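Novice: dropping a prediction and its sequence here:
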Amino acid sequence: MIICDTHCDTLYNLATRPGSPLDVTMENLVKGGVSLQTLAMYVGKGRQGDVEALFAEMFRQMELLEAAGWRRVDDPSQAVDGQVSVMLSIEGCEPFDKGLQVVEEYRCRGVRMAAVTWNHENTLAYPALSGDTRGLKPYGLEAVRLMQKIGIAVDVSHLNDAGVWEILEKCGLPPMASHSNCRALVNHPRNLSDDLLRAIFEKGGYVGVNFWPTIVGEPATIDRIIDHIAHMYDLGGEGKVGFGSDFDGIERKPEGLNNPADFPNLLSALRRRGFAEKDVESIAGQGLLAYYRRIAV
């Protein structure tokens, strides 16, 4: 079975906390049967510090992983059952501050997914946690349209509602949310409203369900994660929902989901909940592969 995870912060930890314990290791990925792990290059505190130096170090860490035998791919279609692959994303588009040419540079370096913001305003847009009701900035709309044109999936996790609506209404291809949950179940600005989820699914987008207990709900369990998946299915998410764990970016984990080695626990729980095998396969990874086919350029 193809198992995909659309978000973890492992590269940031490797770059900023060398030697610290990691959730996402090759051993854990193999144990969990993970076929594709998206590695986010996380902007951290935004302009506090040297963004260019931070991203250069994360690219270097990726190169070290490759030198150690990790297989990096440029598209989810290259994922292979029984073999671990990784793909690059960014979380926070502050590196694009210098101009649209940087967007193209990052695509050439293998980035296939980009979260428009993290928790800070940048030159593109406003984050969900800001409470700001403005949409994308003019440069942000340009950057998003270019990302879609050159094959970078536009990730709306952390983006404010107005920004998500503007992408849905003004940009041709459907966005994704790499690690977000349902606001109807847990009222947190990082979660997506029912209206936004319906619109994302209607346009052909994709959502990776986050494992962070704060937005899963307390006490955080595998069953609560499945509640979010089931609610998304009720809103039209069949074939368009998967996993966006946030491993190495969250200190607490749901019971029974400590690292990628525990993905089989989640798949077994989906079956117990009554999801058909075709849906389990879709949620595990086939839905992400289908999404990338829909946005292919």
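Specialist: Sure, I can see it.
Novice: number of residues surrounding Leu168?
Specialist: 17 (other C-beta atoms under 10 Å). For glycine as for every other residue, the C-beta is placed from the backbone atoms N, C-alpha and C.
Novice: do Val51 as well
Specialist: Neighbour tally, Val51, other C-beta under 10 Å: 19.
Novice: point me to the helix or strand that includes Arg252.
Specialist: Using DSSP states H and E, Arg252 falls within no helix or strand.
Novice: spatially nearest residue to it, not counting backbone neighbours?
Specialist: Leaving aside its chain neighbours, Arg252 sits nearest to Pro213 (5.1 Å; criterion: C-beta to C-beta, 6 or more residues apart in numbering).
Novice: hmm, Ile225 and that neighbour touching each other?
Specialist: No: counting by C-beta atoms under 8 Å, Pro213 stays clear of Ile225, with 9.9 Å between them.
Novice: before we move on, back to that, quick one: contacts for the residue nearest to Arg252?
Specialist: Pro219, Ala220, Ile250, Arg252, Lys253, Pro254 (C-beta atoms under 8 Å, 6 or more residues apart in numbering).
Novice: ok, the second one to Leu129 distance?
Specialist: Read it as Ala220. Distance, Ala220 to Leu129, by C-beta to C-beta, to the nearest Å: 20 Å.
Novice: and the two? which has more neighbours close in?
Specialist: Ala220 (21 against 15).
Novice: show the contacting residues for the more buried one.
Specialist: So Ala220 contacts Phe211, Pro213, Arg252, Lys253, Pro254, Glu255 (C-beta under 8 Å, 6+ apart).
Novice: identify the contacts common to Pro213 and Ile225.
Specialist: Common contact partners of Pro213 and Ile225 (C-beta under 8 Å, 6+ apart): Pro254.
Novice: of the contacts of Pro213, which is the nearest to Glu169?
Specialist: Ile250 (31.8 Å; C-beta to C-beta).
Novice: now do the helices in this protein.
Specialist: 10-16, 26-32, 51-67, 100-108, 138-150, 161-170, 194-203, 213-216, 222-234, 263-273, 277-281, 287-294 (DSSP state H).
Novice: between those, which one is closest to His120.
Specialist: Closest to His120 of the helices of the chain, according to C-beta to C-beta: helix 51-67, at 11.2 Å.
Novice: got the CA positions of the closest one in PDB?
Specialist: Taking Å, rounded to 0.1, in the frame of the first residue of the first chain, the C-alpha atoms of helix 51-67 are listed here in PDB:
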ATOM      1  CA  VAL A  51      16.000  33.300   6.300                       C
ATOM      2  CA  GLU A  52      18.400  32.600   3.400                       C
ATOM      3  CA  ALA A  53      20.900  31.000   5.700                       C
ATOM      4  CA  LEU A  54      18.300  28.800   7.300                       C
ATOM      5  CA  PHE A  55      16.900  27.500   4.000                       C
ATOM      6  CA  ALA A  56      20.500  27.000   2.700                       C
ATOM      7  CA  GLU A  57      21.200  24.800   5.700                       C
ATOM      8  CA  MET A  58      17.900  22.800   5.200                       C
ATOM      9  CA  PHE A  59      18.800  22.200   1.600                       C
ATOM     10  CA  ARG A  60      22.200  21.000   2.900                       C
ATOM     11  CA  GLN A  61      20.600  18.700   5.300                       C
ATOM     12  CA  MET A  62      18.500  17.200   2.500                       C
ATOM     13  CA  GLU A  63      21.700  16.600   0.500                       C
ATOM     14  CA  LEU A  64      23.200  14.800   3.500                       C
ATOM     15  CA  LEU A  65      20.200  12.600   3.800                       C
ATOM     16  CA  GLU A  66      20.500  11.800   0.100                       C
ATOM     17  CA  ALA A  67      24.200  11.000   0.500                       C
END
